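Enquirer: pasting the sequence and the predicted coordinates here, then a few questions.
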Amino acid sequence: MIVLVGFMGAGKTTVGHLLSECLGLPFVDSDVVIEQRAGSSIRQFFAEHGEPAFRELESQVVCELIDGSEAVLALGGGAAGHPDTVARLKSAQVIYLQVSYEEAMLRVAGDPYRPMLARPGLEDLYRHRLSVYDSVATLTVATDGRLPEAVSADILAELGRVPAVPPVTT
């Protein structure tokens, strides 16, 4: 299992799709699975049930996914902080996509589907999560100012995996 972690805007979904294509593995976005399970958007779930309820559901879903079939799995920005998830991540190859706060905010600015953007103290949360990502990562790759294809190529090289299909460049 290859698991991508990092703050919102790090490129987990984009890089995850590239890796899955190259490796011939399915791509799974935990946020999409959570929305399917909840029967609502994450934004709506946050509004109706609050963040603690969301984090519990998120942990359940992520643990099931990690225990499931081999895939490239992108986690939501806060998923790696739950104790149950941290324990499960020990059995996976965890790639931390490192992004600066400034770059992350440029990438996600104005995205109405990111409820955390409205949270007070977002930069403090970012700083707190850096240590969480570091603690679970088996590989860290910087993403600031880099094309997703270059990030993906670095990951494949570090993992020693030969891609099934060369990465697409634009």
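Expert: Cool, the structure landed.
Enquirer: all contacts plus neighbour counts: C-alpha atoms, from now on.
Expert: Fine.
Enquirer: buried residues of the helix ranked longest in the chain, list them for me.
Expert: The longest helix of the chain (DSSP state H) is helix 42-67. Using 16 or more other CA atoms under 10 Å as the test for burial, helix 42-67 gives 42-43, 45-46, 54-55, 58-59, 61-63, 65-66.
Enquirer: mind listing the strands for this protein?
Expert: Counting by DSSP state E, the chain has strands at residues 2-5, 27-29, 72-74, 93-98, 139-142.
Enquirer: pLDDT averaged over the first one - what is it?
Expert: Averaged over strand 2-5, pLDDT sits at 97.
Enquirer: geometric centre of the chain: which residue is closest?
Expert: Residue closest to the average C-alpha location in the chain (CA atoms, centre = their mean): residue 75, at 3.3 Å.
Enquirer: quick one: that one and residue 31 touch, right?
Expert: Yes. Using CA atoms under 8 Å, residue 75 is in contact with residue 31, at 7.1 Å.
Enquirer: can you give me the distance of residue 21 to residue 14?
Expert: Residue 21 sits 11 Å away from residue 14, going by CA to CA, to the nearest Å.
Enquirer: and those two? Which one has more around it.
Expert: The neighbour count for residue 21 versus residue 14, taken as other CA atoms under 10 Å, is higher for residue 21 (19 against 14).
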